[in-house]
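> Below is the sequence, then the predicted model.
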Amino acid sequence: MSSQYAKVSLTLPSPLLERIRGRVGTRGVSRYVAQALEAEERREALRAWLADQDAEHGPVPAETIEEVRRQWLDAASAAS
């Protein structure tokens, strides 16, 4: 086994594990779990960065969020 990998033992709910195995097969579970954990780490890092930005600059005003949402939806409907 490569030094870049470490073996761990996980306990997962059986229905969840069966759904994962159904998607990726028995031999793909480790990769699937590793990718899911990496994605969660990225989400946590983004949440922390956003919290830091709010602390430093204050929250984004509701009217700005609404304007961006309107522009986003307009662009999406124009592309359809």
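Yes, it's here. Since the model is a prediction, treat every value here as computed from it, not as a measurement.

> now the helix ranked longest in the chain: how far from the chain's centre is it?
Using DSSP state H, we find that the single longest helix of the chain is helix 29-57. Using CA atoms, centre = their mean, to the nearest Å, we find the averaged C-alpha position of helix 29-57 to lie 6 Å away from the chain's own average C-alpha position.

> Who are the packing partners of that helix?
Contacts of helix 29-57 with other secondary structure elements, assessed using 3 or more CB pairs under 8 Å, 6 or more residues apart in numbering; DSSP states H and E, are made with helix 14-24. The C-beta positions use only the backbone N, C-alpha and C, and glycine is treated the same way.

> about what we covered before: pLDDT on the longest helix of the chain, on average?
Computed over helix 29-57, the mean pLDDT rounds to 97.

> Would you mind getting the angle between that helix and helix 14-24?
100 degrees (axes from the mean of the first three to the mean of the last three CA atoms, to 10 degrees).

> how about helix 29-57: buried residues?
Residues of helix 29-57 classed as buried: V29, V33 (neighbour count, 16 or more other CB atoms under 10 Å).

> Next secondary structure element downstream of it?
The helix or strand immediately downstream of helix 29-57 is helix 62-79, counting by DSSP states H and E.

> For that next one, what is the distance to the chain centroid?
For helix 62-79, the distance to the chain centre is 23 Å (CA atoms, centre = their mean).

> Could you do stretch 59-73 as well?
In this view, stretch 59-73 has its centroid 22 Å away from the chain centroid, taken as CA atoms, centre = their mean.

> Let's see that stretch as PDB, backbone CA atoms only.
Extracted as PDB, the C-alpha positions of stretch 59-73 are listed here (Å, rounded to 0.1, in the frame of the first residue of the first chain):
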ATOM      1  CA  PRO A  59     -23.100  40.500   5.400                       C
ATOM      2  CA  VAL A  60     -24.100  41.100   1.800                       C
ATOM      3  CA  PRO A  61     -27.200  43.400   1.800                       C
ATOM      4  CA  ALA A  62     -30.500  41.600   1.000                       C
ATOM      5  CA  GLU A  63     -31.200  44.000  -1.900                       C
ATOM      6  CA  THR A  64     -27.900  43.100  -3.500                       C
ATOM      7  CA  ILE A  65     -28.600  39.300  -3.100                       C
ATOM      8  CA  GLU A  66     -32.000  39.900  -4.700                       C
ATOM      9  CA  GLU A  67     -30.600  41.900  -7.600                       C
ATOM     10  CA  VAL A  68     -28.000  39.200  -8.300                       C
ATOM     11  CA  ARG A  69     -30.700  36.500  -8.100                       C
ATOM     12  CA  ARG A  70     -32.900  38.400 -10.500                       C
ATOM     13  CA  GLN A  71     -29.900  38.800 -13.000                       C
ATOM     14  CA  TRP A  72     -29.000  35.100 -12.600                       C
ATOM     15  CA  LEU A  73     -32.600  34.000 -13.300                       C
END
